[in-house]
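In: just coords:
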């Protein structure tokens with residue numbers, strides 16, 4: 001998914017980032033659409049971005065299979081990616 005999904009939880013809109021959105025935002029931000037980039041930046045500022053654990057697992061599996069090579073080990077890449085934005 002190249003764009004965040006919006007989910008209304010209570011009175012707040014939360015943005016769910018799928019694994020492709022996470023990877024592109026971290027490694028190739030130019031591949032993220034302007035609409036998605038704006039939603040990610042707003043969600044980051046409002047601290048309402050989140051991802052599922054399965055997305056992190058998918059990224060780890062892609063790295064293990066050498067289909068994604070970010071230039072860092074899996075743990076370092078995932079931690080850095082999550083810390084670069086306020087993602088729950």
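Out: Ah, there it is. These numbers were taken from a predicted model, which means no experiment stands behind them. Numbers count the residues shown, from 1 in each chain.
In: Need phi/psi at residue 49.
Out: phi -90, psi 140 (degrees, to the nearest 10).
In: Which residue comes closest to it once chain neighbours are left out?
Out: Using Cβ to Cβ, 6 or more residues apart in numbering and skipping the chain neighbours, the partner closest in space to residue 49 is residue 43 (4.2 Å). (Glycine included, C-beta is placed from N, CA and C.)
In: How about residue 62?
Out: If the residues on either side of it in the chain are set aside, residue 62 comes closest to residue 68, at 3.9 Å by Cβ to Cβ, 6+ apart.
In: Kindly report the same for residue 32.
Out: Setting aside the residues directly before and after it, residue 32 is nearest to residue 24 in space (Cβ to Cβ, 6+ apart), at 5.1 Å.
In: do residue 72 as well
Out: In space, residue 72 is closest to residue 80, 6.9 Å off (Cβ to Cβ, 6+ apart).
In: Now the residue nearest to residue 49: which helix or strand?
Out: With secondary structure defined by DSSP states H and E, residue 43 is part of helix 34-45.
In: Mind giving me the packing neighbours of that helix?
Out: Packing partners of helix 34-45 (3 or more Cβ pairs under 8 Å, 6 or more residues apart in numbering; DSSP states H and E): strand 12-16, helix 19-27.
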